[in-house]
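Student: Fold the following for me, if possible:
(4 chains)
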Protein chains: 2
Amino acid sequence: MNVEEIIKTEKKLPIEQRTMIHYALVFNKIREEFSLALKPFEISEQQFNVLRILRGQKGKPANLSTINERMVTKMSNTTRLVDKLILKGFAERWVCPENRRKVEIMITDNGKKELEKIDLAVSRTEERLLQGFSHQELEQLNALLDKF
Amino acid sequence: MNVEEIIKTEKKLPIEQRTMIHYALVFNKIREEFSLALKPFEISEQQFNVLRILRGQKGKPANLSTINERMVTKMSNTTRLVDKLILKGFAERWVCPENRRKVEIMITDNGKKELEKIDLAVSRTEERLLQGFSHQELEQLNALLDKF
DNA sequence: CCTTTACATTTGTCTATACAATTGTTGTCG
DNA sequence: CGACAACAATTGTATAGACAAATGTAAAGG
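Tutor: Below you'll find the model as predicted:
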């Protein structure tokens, strides 16, 4: 990936600015690949993320604020996101008996099955995106990302 | 930035998955900082990007497809984006005389002046985001990003 | 010329997201 | 207890973005 070529500029960018643009370009590529991988399942990246969180609860229900807290990209209204998962039969929701302000949300068996299929497609995408990296380079990248 | 802590998971993620999540988390942080920096100017990141492209033309007008081509994040409708810049008096647009299918878009003096102010705020943000990095680390990061 | 094809931009429409206001519930303190 | 603050989720609304269809213009081929 050549930054200058992609954004068609001849002038030399300061390294800081170049890094930022570079970062965004790579992110766009990643997002594109992911949404392509998710398209056949008719599920958004956010919905996929929530499903993974719900599965991570291992039988325990999650409430909305828990989900929000754990989401990679925080959303302003997770309610409607969960609505869609429920509509698809991948999750269910009820009012929390101990605290009626809260709701409890759980992944359904159907949701789990679907998620397994999606996981496969997603991890294939991840591997494809990262195929040019050695294990050491991945560690290096993670270490650099930690500095942000 | 500790990935596992942020998304509140105890289990060890495979390095590929961890890298992807890490990447997205950092991107969110960057985006947040940028939109904060741009907020006082009431301009979106995309609009800012287009303004920079227009300035990069150095007097020559740009047409829509040129802008689209050079944008960091490609947009489906750049028309309406330019509309907003025109509304703010930062750009002007007319039909291309040689080829009436095309339009010619130029940054105005007003737009240039505003852009200079925004540039300052943005580069301060960039520096702040990257303050933990040595020059060598920035080069390293750029080299790794190239591998995508 | 006239029809067809390709091109460049614009418009329509539907969905996603951001942000604020609202609803319903619980906890606290005089 | 009763008023009020704090909490959790939902709803309303306005804006941004994705995608497809439509418009207007130019080029190509018979």
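
Student: interface residues of chain A facing DNA strand D?
Tutor: Contact residues (Cβ under 7 Å from any atom of the strand) of chain A with DNA strand D: A:35, A:63-65, A:68, A:76-80, A:82, A:93, A:99, A:101-103. In this view, the C-beta of every residue, glycine as well, is placed from N, C-alpha and C.

Student: which one of the residues you listed has the most neighbours?
Tutor: When neighbours are counted by other Cβ atoms under 10 Å in any protein chain shown, A:Val82 leads the residues of chain A next to DNA strand D with 22 neighbours.

Student: Was I right to think it contacts A:Ile105?
Tutor: Yes. When contacts are counted by Cβ atoms under 8 Å, A:Val82 is listed as touching A:Ile105 (5.8 Å).

Student: anything in contact with each of those two?
Tutor: Taking Cβ atoms under 8 Å, 6 or more residues apart in numbering or on different chains as the criterion, A:Val82 and A:Ile105 both touch A:64, A:67, A:91, A:93.

Student: ok, A:Lys113 to DNA strand D distance?
Tutor: To DNA strand D, A:Lys113 is 24 Å away according to Cβ to the nearest atom of the strand, to the nearest Å.

Student: Domain boundaries for chain A, per the record?
Tutor: Segmentation of chain A into domains, based on automatic domain parsing, reads A:1-41, A:43-121.

Student: And the ones you listed: which comes nearest B:Val26?
Tutor: domain A:1-41 (7.6 Å; Cβ to Cβ).

Student: Quick one: end-to-end length of that closest one, please.
Tutor: Domain A:1-41 has an end-to-end distance of 29 Å (Cα to Cα, to the nearest Å).

Student: Show me the contact partners of stretch A:91-107.
Tutor: A:50-51, A:54-55, A:57, A:59, A:61-65, A:67, A:82, A:85-86, A:90, A:108, A:111, A:115.

Student: For B:Pro40, find the nearest of the domains of chain A.
Tutor: The nearest among these, by Cβ to Cβ, is domain A:1-41 at 19.2 Å.
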